[in-house]
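In: Need coordinates for the following:
(one chain, ligands or ions: 3)
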Amino acid sequence: MYSAQANWRLSHMYQHIKVPAQGQKITVNADNSLNVPNEPIIPFIEGDGTGVDITPVMIKVVDAVVAKAYAGKKKIHWMEVFAGEKSTKVYGPDVWLPEETLSAVRDYVVSIKGPLTTPVGGGIRSLNVALRQQLDLFVCLRPIQYFAGVPSPVKEPHKTNMVIFRENSEDIYAGIEFESGSDKAKKLIKFLQDEMGVTKIRFPETSGIGIKPVSSEGTERLMRKAIQYAIDNDKPSVTIVHKGNIMKFTEGGFRDWAYALAQTEFGAELIDGGPWCQFKNPKTGKEIIIKDVIADAFLQQILLRPSEYSVIATLNLNGDYVSDALAAQVGGIGIAPGANLSDTIAMFEATHGTAPKYAGKDYVNPGSLILSAEMMLRHMGWTEAADLMIKSMERSINSKKVTYDFARLMEGATQVSCSGFGDVMIDHL
Ligand SMILES: NC(=O)C1=CN([C@@H]2O[C@H](COP(=O)(O)OP(=O)(O)OC[C@H]3O[C@@H](n4cnc5c(N)ncnc54)[C@H](OP(=O)(O)O)[C@@H]3O)[C@@H](O)[C@H]2O)C=CC1
Ligand SMILES: O=C(O)CCC(=O)C(=O)O
Ligand SMILES: [Mg+2]
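Out: Ligands and ions are numbered 1, 2, ... in the order given. Sure thing, here's the model as predicted:
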């Protein structure tokens, strides 16, 4: 068990991270279950842009929810760790993702982060992607849930109820790219032409080149999690979303490996000769159908027939697009939570980015990060607190005291600030 003395020692292992004097680490058992003390230390990254607005509100709401749910017997001790622009201020101009942030997130097992900026075109590569890759957080889990009363552009938003399992470690996000005109791009294009018989690069002199690795191992570990989630949560189907007609050996491979895993590991049997297959949920006896759909068709079907889809397993880029599109159907990315998961480490974060035009204005919806914290509490087994948070979110939306994104579409709403919405949630506990 950790003591204040042990925390003091840990603090001195870090250059800038201050370990709270109170609280203990969450630890992982041999079967990957968690030991969560009553007073865990949770690292958080404030985030760039609107991170400065939403992160303190999330912390205030979580603290109030936990205090209420457990009458003061449980408490989170927050430990700030750094990434992005704040890191460059604390550690020096070129330090965007310090090694000690990675080790703290790894060591303390459960963490939460605000959004981090990635410049378009040149500049640093995504720190969000770097965190996922370096910690091998291979699942990006994004539930899409409708809260009654939230303004939506569709007529029947309650029919959209999906959970996205986005592969988080491969695909074009691996960052293997070579700039147009660079020596490396020229060398690679020459290799493709001379050694690989490639004749279809339309403008070889001016092409940038990107590489899209997709593996059977990467697909299988993602699909295994998606199917297990369907089993544990009594879901009727898992849909593999891909563009395998065009990208045959990457997205097509993903589809084939995902189907194969359902058959070999879960005993799924072909329906009418396949490729769809099904197996009985060992926990409920109900059938779970494994099916697939090509990504462009999927994007129209989620609008036209959303109730036909439940758990979604997809690749990194598709998952990025699909998560914002589905979030829009249930009210937008102001209320879209998420988690990045490995078998042991969990880092929670909103689906949206830094929304720079609103940074520091106490304006945006903190709902996505608050609901990401709700996922975190549930992951820790603090179900009473998580349930209370959902109730408070429902009651707050029902009160129509909401941030600008909802207020502009909601009749009779009172617009409140980002921190104001946090206070509304605390009032409704
Ligand atoms: N995981 C992460 O950290 C992510 C980081 N990013 C990064 O964020 C930066 C900005 O990206 P951008 O494409 O503008 O996308 P953003 O998600 O930051 O913002 C796009 C729009 O979404 C709406 N929005 C975003 N956050 C909220 C919120 N909390 N409440 C209500 N509405 C919200 C706003 O819409 P409106 O204008 O209608 O008010 C905003 O203009 C980029 O550098 C990008 O790389 C992007 C996504 C994820
Ligand atoms: O890393 C980024 O800047 C963007 C990532 C993103 O859009 C996402 O993960 O949804
Ligand atoms: Mg995105």
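
In: ok and the residue in the chain nearest ligand 1?
Out: Closest residue of the chain to ligand 1, CB to the nearest ligand atom: residue 353 (2.3 Å). For glycine as for every other residue, the C-beta is placed from the backbone atoms N, C-alpha and C.

In: ok, for that residue, nearest residue in space, not its chain neighbours?
Out: residue 115 (4.8 Å; CB to CB, 6 or more residues apart in numbering).

In: Can you report how many residues lie near the one you found?
Out: Residue 115 has 27 neighbours, counted by other CB atoms under 10 Å.

In: Can you name the element that comes right after the strand or helix carrying residue 5?
Out: For residue 5, the host element (DSSP states H and E) is helix 4-11. Under the assignment DSSP H and E, the closest C-terminal helix or strand after helix 4-11 is strand 27-28.

In: Now do the contacts for the residue of the chain closest to ligand 1.
Out: With contact taken as CB atoms under 8 Å, 6 or more residues apart in numbering, residue 353 is in contact with 49, 115, 117.

In: can I assume it sits in a helix?
Out: No: assessed with DSSP: H, G, I helix; E, B strand; the rest coil, residue 353 is coil; it does not lie in a helix.

In: Can you tell me the closest non-neighbouring residue to residue 189?
Out: Closest to residue 189 by CB to CB, 6+ apart is residue 204, at 5.0 Å.

In: who does the host helix or strand of residue 61 touch, helix- and strand-wise?
Out: Using DSSP H and E, residue 61 falls within helix 51-70. On a contact count with 3 or more CB pairs under 8 Å, 6 or more residues apart in numbering; DSSP states H and E, helix 51-70 meets strand 41-45, helix 367-379, helix 383-398, helix 418-427.

In: if we go to 10 Å?
Out: Contacts defined by 3 or more CB pairs under 10 Å, 6 or more residues apart in numbering; DSSP states H and E place helix 51-70 against strand 41-45, strand 77-80, helix 85-91, strand 110-113, helix 367-379, helix 383-398, helix 418-427.

In: looking at it, the residue nearest to residue 189 is touching residue 192, isn't it?
Out: Yes: proximity of residue 204 to residue 192 meets the contact threshold set by CB atoms under 10 Å, at 8.8 Å.

In: Mutual contacts of these two, please.
Out: residue 198 (CB atoms under 10 Å, 6 or more residues apart in numbering).

In: Tell me how many other residues surround the residue nearest to residue 176 when sequence neighbours are not counted.
Out: Ranked by CB to CB, 6+ apart and with sequence neighbours excluded, the top spatial neighbour of residue 176 is residue 211, at 4.0 Å. With neighbours defined by other CB under 10 Å, the count for residue 211 comes to 12.

In: likewise residue 271?
Out: 14.

In: same deal with residue 137?
Out: Residues lying near residue 137 (other CB under 10 Å) number 20.

In: quick one: contacts for the closest residue to it other than its chain neighbours?
Out: Using CB to CB, 6+ apart and skipping residues adjacent in sequence, the residue nearest residue 137 is residue 340, 3.7 Å away. By CB under 10 Å, 6+ apart, residue 340 lies in contact with 111, 113, 128, 131-132, 135-142, 166, 168-169, 346-349.

In: Could you do residue 186 as well?
Out: 178, 180, 204-205, 207, 209.

In: If we look just around ligand 2, which residues of the stretch 51-200 of the chain are in range?
Out: 118, 126, 128-129 (CB under 6 Å from any ligand atom).

In: buried residues in stretch 147-163?
Out: Within stretch 147-163, the residues that qualify as buried are 147, 149-152, 154, 157, 159-163, counting by 16 or more other CB atoms under 10 Å.

In: Can it be said to contact ligand 1?
Out: No: against ligand 1, stretch 147-163 shows no contacts by CB under 6 Å from any ligand atom, the least distance being 11.9 Å.

In: Tell me the pLDDT of residue 5.
Out: Note for residue 5: predicted pLDDT of 77.

In: Tell me where the stretch 201-350 of the chain has strands.
Out: 209-210, 237-242, 269-270, 277-280, 287-294, 311-314, 339-341, 346-349 (DSSP state E, counting those that start in this stretch).

In: Flag every residue of the stretch 51-200 of the chain that's near ligand 1.
Out: Residues of the stretch 51-200 of the chain lying near ligand 1 (CB under 6 Å from any ligand atom): 115-118, 128.

In: from those residues, which would you call buried?
Out: For these, buried by 16+ other CB under 10 Å: 115-118, 128.

In: Please identify which of those residues is nearest to residue 8.
Out: Ranked by distance to residue 8 (CB to CB), those are led by residue 116 at 29.9 Å.

In: The closest one reaches residue 126, doesn't it?
Out: Yes: using CB under 10 Å, residue 116 makes contact with residue 126 at a distance of 7.5 Å.

In: picking up where we left off before, quick one: mean pLDDT for the helix holding residue 61?
Out: pLDDT averaged over helix 51-70 gives 98.

In: what inclination does that helix have with respect to helix 383-398?
Out: Interaxial angle of helix 51-70 relative to helix 383-398 (axes from the mean of the first three to the mean of the last three CA atoms, to 10 degrees): 120 degrees.
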